[in-house]
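> Quick one, what's the 3D model for this:
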Amino acid sequence: MSGIARWADLRRFTPARVGLGRAGNALPTRAHLDFLEAHARARDAVHSALDAAALRAALAPAPSVLVRSAAPDRPTYLLRPDLGRRLADATVLPHAPCDLAIVIADGLCASGVQHHAPPLLARVLPALRRRGSTVAPLVIAELGRVAIGDPIGAALGARAVAVLIGERPGLTAPDSLGIYLTWDPRPGRTDAERNCISNVRPEGLGYEEAAAKLLWLVGAMFQAGMSGVALKDEQPRVPRLGT
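Predicted coordinates for the structure are as follows:
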């Protein structure tokens, strides 16, 4: 098999840019244009805005609450990560002690949240109810970073918080969703105290697998009373939720 044929065969199994060839000292025109398109899609994803009304409709009948971070607009949000970690002044959330708070934040890819949060939660919420876990109303946080889950979880009185957030887009994954789990949420928590599930999307970690991983980690958190580097992901191989 020739070298060209081997590269072509490998490209059937990965979206990575391998075996692109060359034209002199540069990429072939097609590969160069594909790169520019992927880069433009990634930039668009960073600047995409969350359609909160459509998201709340997609999450129904689950109750939801809409809040905003301290960032006044998206350009400021991108330049000031610290503002995205705090709630806007005068934000009021109902204090109703519960096992888990779920926060949905746009992060660096609102389109990823818009597409993937509803089908993921459609699998997670019924499973949590079957376990007997109490879940606060879903909180949709516009212009939110991961750490905005800490003041939200504390205000709600949640024992743990799961933040579903749009991940930094890449050239092959411009609409990926991440999940960050924190035990005993409160302002001042660090990233070392969180567990992360990354690349949730049909082309990456599918909804069934992501839901199973999330539910396992939530159970492990409640059993161990901790999260982050102290909580190891030792989930055994399990069948999909639907089987």
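
> Going by C-alpha atoms from here, please, whenever you check contacts or count neighbours.
Will do.

> Show me the contact partners of stretch 59-75.
Identification of contacts with stretch 59-75 by C-alpha atoms under 8 Å, 6 or more residues apart in numbering yields 47, 52, 56, 77, 80, 83-89, 91, 118, 121-122, 137-144, 148.

> Among those residues, which ones are in helices?
Those of the contacts of stretch 59-75 mapping onto helices are His47, Ala52, Arg56, Tyr77, Leu83, Gly84, Pro118, Leu121, Ala122, per DSSP state H.

> Kindly write the PyMOL command that selects the buried subset of those residues.
Buried members of the ones in helices among the contacts of stretch 59-75, defined by 16 or more other C-alpha atoms under 10 Å, are picked up in PyMOL with:
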select buried, resi 52+56+77+83+84+118+121+122
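
> Of the ones in helices among the contacts of stretch 59-75, which is the nearest to Gly225?
Leu121 (23.4 Å; C-alpha to C-alpha).

> so who does that closest one touch?
Residues in contact with Leu121 (C-alpha under 8 Å, 6+ apart) are Leu59, Ala211.

> just Met221 next, same as before
Contacts of Met221 were listed using C-alpha under 8 Å, 6+ apart, and they are Trp183, Ser227, Leu231.

> Now render those as CSV, adding distance to Arg159.
Below are those laid out as CSV (distance: C-alpha to C-alpha, whole Å):
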residue, distance to Arg159
Trp183, 6
Ser227, 11
Leu231, 16
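
> Give me the buried subset of those residues.
Among the contacts of Met221, the ones that count as buried by 16+ other C-alpha under 10 Å are Trp183, Ser227, Leu231.

> out of these, which are inside strands?
Of the positions in the buried ones among the contacts of Met221, Trp183 sit in strands, assigned by DSSP state E.

> Redo the buried ones among the contacts of Met221 as JSON lines? Include distance to Ala110 and pLDDT.
Output for these, formatted as JSON lines (distance: C-alpha to C-alpha, whole Å; pLDDT from 0 to 100):
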{"residue": "Trp183", "distance to Ala110": "25", "pLDDT": "97"}
{"residue": "Ser227", "distance to Ala110": "26", "pLDDT": "96"}
{"residue": "Leu231", "distance to Ala110": "29", "pLDDT": "91"}
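
> mind listing the helices for this protein?
Using DSSP H, the helices of the chain run over 3-10, 29-47, 52-59, 74-79, 81-84, 110-131, 149-156, 207-224.

> Give me whichever of the ones you listed is most buried.
Ranked by mean neighbour count, the helices of the chain are led by helix 149-156 with a mean of 24 (mean count of other C-alpha atoms under 10 Å).

> so how far is that one off the chain centroid?
From the chain centre to the centre of helix 149-156 is a distance of 17 Å (C-alpha atoms, centre = their mean, to the nearest Å).

> Average pLDDT for that helix, rounded please.
Averaging pLDDT along helix 149-156 gives 97.

> Adjust the sequence numbering to begin at 26 for everything that follows.
I'll keep to 26 as the first residue from here, and by that count the last item is helix 174-181.

> Now that helix - C-alpha only, PDB.
C-alpha atoms of helix 174-181 as PDB (Å, rounded to 0.1, in the frame of the first residue of the first chain):
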ATOM      1  CA  GLY A 174     -21.900  27.300  39.700                       C
ATOM      2  CA  ASP A 175     -20.300  27.900  43.200                       C
ATOM      3  CA  PRO A 176     -22.400  31.000  44.300                       C
ATOM      4  CA  ILE A 177     -25.400  29.500  42.600                       C
ATOM      5  CA  GLY A 178     -25.100  26.200  44.400                       C
ATOM      6  CA  ALA A 179     -24.400  27.900  47.700                       C
ATOM      7  CA  ALA A 180     -27.500  30.200  47.300                       C
ATOM      8  CA  LEU A 181     -29.700  27.300  46.500                       C
END
